[in-house]
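Undergrad: Prediction below, plus the sequence it came from.
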Amino acid sequence: MRFFEDVGRVAIRLGGTISAEHGIGTMKKELLRESISSRNNGNADTVLNLMRNVKKVFDPYGIFNPNKIFD
């Protein structure tokens, strides 16, 4: 897991992303805030709240991939 996190942080530092067509999942969940912060002047809260709200629209009961991105 440590290697995976280190590679993810290198990608973020180089302006890349931690995710592509396979989504975030459980392994990339911890790096999501860092990735968003790096692209939004350190402010990930606004983007994460928007993502949570969009998920609630399409999944009001939280049954689709529970706890994969948001607890």
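TA: Alright, I've got the coordinates. As the structure is a computational prediction, the values presented were derived from the model and not from experiment.

Undergrad: for this structure, what's the longest helix?
TA: In the chain, taking DSSP state H as the definition, the longest helix is helix 45-58.

Undergrad: sec struct for the residue most central in space within the chain, please.
TA: By CA atoms, centre = their mean, the chain has its centre lying nearest to Leu32, at 3.0 Å. Following DSSP: H, G, I helix; E, B strand; the rest coil, we place Leu32 in the helix state.

Undergrad: Isn't it up against Lys68?
TA: No - with contact defined as CB atoms under 8 Å, Leu32 does not count as touching Lys68 (10.6 Å). For the C-beta atoms, the positions are set from N, CA and C on the backbone; glycine is no exception.

Undergrad: Between the two, which contacts overlap?
TA: Applying CB atoms under 8 Å, 6 or more residues apart in numbering, one finds that Leu32 and Lys68 are jointly contacted by Ile24.

Undergrad: Run the chain-centre distance for stretch 14-22.
TA: 10 Å (CA atoms, centre = their mean, to the nearest Å).

Undergrad: What residues sit buried inside it?
TA: Neighbour-count burial for stretch 14-22, with 16 or more other CB atoms under 10 Å as criterion, is recorded at Ile18.

Undergrad: Over to stretch 21-41?
TA: Judged by neighbour count using 16+ other CB under 10 Å, the buried positions of stretch 21-41 are 24, 28, 31-32, 35-38.

Undergrad: from the chain's centre, how far out does the longest helix of the chain sit?
TA: The answer for helix 45-58 is 11 Å, by CA atoms, centre = their mean.

Undergrad: Kindly format the C-alpha coordinates of that helix as PDB.
TA: The C-alpha trace of helix 45-58 is given here as PDB (Å, rounded to 0.1, in the frame of the first residue of the first chain):
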ATOM      1  CA  ASP A  45     -13.900  20.900   0.400                       C
ATOM      2  CA  THR A  46     -15.900  22.700  -2.300                       C
ATOM      3  CA  VAL A  47     -15.200  20.100  -4.900                       C
ATOM      4  CA  LEU A  48     -15.800  17.200  -2.500                       C
ATOM      5  CA  ASN A  49     -19.100  18.600  -1.400                       C
ATOM      6  CA  LEU A  50     -20.200  19.000  -5.000                       C
ATOM      7  CA  MET A  51     -19.300  15.400  -5.700                       C
ATOM      8  CA  ARG A  52     -21.200  14.300  -2.600                       C
ATOM      9  CA  ASN A  53     -24.300  16.300  -3.700                       C
ATOM     10  CA  VAL A  54     -24.200  14.800  -7.200                       C
ATOM     11  CA  LYS A  55     -24.000  11.300  -5.800                       C
ATOM     12  CA  LYS A  56     -27.000  12.000  -3.600                       C
ATOM     13  CA  VAL A  57     -29.000  13.000  -6.600                       C
ATOM     14  CA  PHE A  58     -28.400   9.700  -8.400                       C
END
